[in-house]
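Chemist: Fold the stuff below for me.
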Amino acid sequence: MGRALVDARLLAAALRDPASTAALDGAGWTALIAMARAEQLAGTLAHRLAGLDLPPPVARQMEEARWSADQGRIAALWEAEMARRALAPLGVPVVLLKGTAYVASGLKAGVGRSIGDLDILVPREALDAVEAALLGAGWEWVKPDPYDDAYYRRWMHELPPLIHRESDRMIDVHHTILPLTARPKPNAAALIRDRVDLGKGLSVLAPMDMIVHAAAHLFADGDLAGGLRNLWDIHCLIDEFSTDGLMERAAQHGLALHVARALRLAHAFYDSAVPADFRRLRLADRPYLDRLTARDGWGRATRPILRQRFYGRSHLIRMPLPMLARHLWTKWRSGHRG
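Modeler: Residues are numbered from 1 along each chain as shown. Modelled structure (predicted):
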């Protein structure tokens, strides 16, 4: 394993060109698999390596990763069906988001993908009815704290998270795709209006909106945790749908800068087929590249100062500084009272 690849660029290279793994030695395979697990890309990697002549221990682990991803896909689709049944009497649009949307649509982005919570988007005016229906169908609140509950309802883009008392799976009910305190203001009505129907009361975002949402989730609503997985989603969506009309749609949602950065980094990591204007990284992209590749040969997080800076950034892009200060002070006081 070359010294220049002792970070998560090793994983990106394997996803981009699976045949490149033929040059790996034992330490290289250890690093690759550890990074894939840490980045929640083990199932994706396993599907990318299918059919290659792998060392027997690696082949066994890849087979297990494919099996685990397939079980996760089944569980995700079952959770979506349970939510559909609970919400069907309301007659409101229910739009699947993220991983569940990809597997329900049969998209390349869903192949081997790790899927956690069930994320859905519903009209904001339907939130009360949706909440009541889910509570009546066995979901319960995860955050009973009154401050957290009020904060979510007033400022966030989703209800407080719910977990099902039997399946122990969580559902996040969105009414838009970014916090209300964030500077970009995506057009939630347009997201729902232009959805693609899957039948039986479920739908997914339109193709360009899927890419916009993936970019927003990565660069406008977090600290880039899981970033290589999100970029792989974007790469697969581009490969399946192209980018025709993407920047126009991104501009409508106030997310053109974030989508442009996603295109540049997707091309840099995965050689995504993006327009010529997005095939060269800019100087301002460098911290994002360093953050996305911050893993060592054992899959452990590296560059702690940079990670902490992105963690701080994730709070600052969610809300104005005075509001953030009040929020952190309130959370600190409640923690110390406990």
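
Chemist: Show the contacting residues for the residue nearest the centre of the chain.
Modeler: Nearest to the mean C-alpha position of the chain, by CA atoms, centre = their mean, lies Asn230 at 5.1 Å. Applying CB atoms under 8 Å, 6 or more residues apart in numbering to Asn230 gives the contacts 214, 217-218. The C-beta positions use only the backbone N, C-alpha and C, and glycine is treated the same way.

Chemist: Name the nearest of those residues relative to Asp117.
Modeler: Using CB to CB, His217 comes nearest to Asp117 of these, at 12.5 Å.

Chemist: Got the phi and psi for that closest one?
Modeler: The phi and psi values for His217, taken as degrees, to the nearest 10, are phi -60, psi -40.

Chemist: Now name the helix or strand holding the nearest residue to it once chain neighbours are set aside.
Modeler: Setting aside the residues directly before and after it, His217 is nearest to Asn230 in space (CB to CB, 6 or more residues apart in numbering), at 6.3 Å. Taking DSSP states H and E as the definition, Asn230 sits inside helix 227-241.

Chemist: how near is Leu87 to Leu134?
Modeler: Distance from Leu87 to Leu134, counting by CB to CB, to the nearest Å: 7 Å.

Chemist: Kindly apply the preceding question to Arg291 instead.
Modeler: 35 Å.

Chemist: Also Trp29?
Modeler: 43 Å.

Chemist: Between the two, which is the more surrounded one?
Modeler: Leu134 (21 against 18; other CB atoms under 10 Å).

Chemist: Restrict the host helix or strand of that one to CA atoms and write it as PDB.
Modeler: Under the criterion DSSP H and E, the helix or strand holding Leu134 is helix 127-136. In PDB, the C-alpha atoms belonging to helix 127-136 read as follows (Å, rounded to 0.1, in the frame of the first residue of the first chain):
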ATOM      1  CA  LEU A 127     -47.500  17.500  10.400                       C
ATOM      2  CA  ASP A 128     -50.100  17.400  13.300                       C
ATOM      3  CA  ALA A 129     -52.100  14.700  11.500                       C
ATOM      4  CA  VAL A 130     -49.000  12.700  10.600                       C
ATOM      5  CA  GLU A 131     -47.600  12.900  14.100                       C
ATOM      6  CA  ALA A 132     -50.900  11.600  15.600                       C
ATOM      7  CA  ALA A 133     -51.100   8.800  13.100                       C
ATOM      8  CA  LEU A 134     -47.600   7.600  13.800                       C
ATOM      9  CA  LEU A 135     -48.000   7.800  17.500                       C
ATOM     10  CA  GLY A 136     -51.200   5.800  17.200                       C
END
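
Chemist: what comes into contact with the following helix or strand past that helix?
Modeler: Downstream of helix 127-136, the next assigned helix or strand under DSSP H and E is strand 139-141. By CB under 8 Å, 6+ apart, the residues outside strand 139-141 that reach it are 149, 160-165, 171.

Chemist: Which members of the residues you listed occur in helices, if any?
Modeler: Using DSSP state H, the subset of these located in helices is Asp149.

Chemist: in this protein, what spans have low per-residue confidence?
Modeler: Applying pLDDT under 70 to the chain flags the ranges 1-5, 143, 319-338.

Chemist: Between the two ends of stretch 172-185, how far is it?
Modeler: 19 Å (CA to CA, to the nearest Å).

Chemist: Next, the buried residues of that stretch.
Modeler: For stretch 172-185, the neighbour count (16 or more other CB atoms under 10 Å) marks 172-179, 181-182, 184 as buried.

Chemist: so which of these would you say is closest to Arg193?
Modeler: Taking these together and measuring to Arg193 by CB to CB, the closest member is Thr176, at 13.1 Å.

Chemist: just to revisit the earlier point, I'd like to know how far the residue nearest to the centre of the chain sits from His164.
Modeler: Separation of Asn230 from His164 (CB to CB) stands at 25 Å.

Chemist: now swap in Leu52 and tell me
Modeler: For Leu52 relative to His164 (CB to CB), the value is 39 Å.

Chemist: One more: Arg303?
Modeler: On the measure of CB to CB, Arg303 and His164 end up 37 Å apart.

Chemist: next one: His315
Modeler: His315 is 30 Å from His164, by CB to CB.

Chemist: now do Arg37
Modeler: Per CB to CB, Arg37 is found 26 Å from His164.

Chemist: Compare the two (neighbour count), which wins?
Modeler: The neighbour count for Arg37 versus His164, taken as other CB under 10 Å, is higher for His164 (19 against 16).

Chemist: tell me the contacts of the more buried one?
Modeler: His164 touches 79, 82, 138-140, 170-171, counting by CB under 8 Å, 6+ apart.
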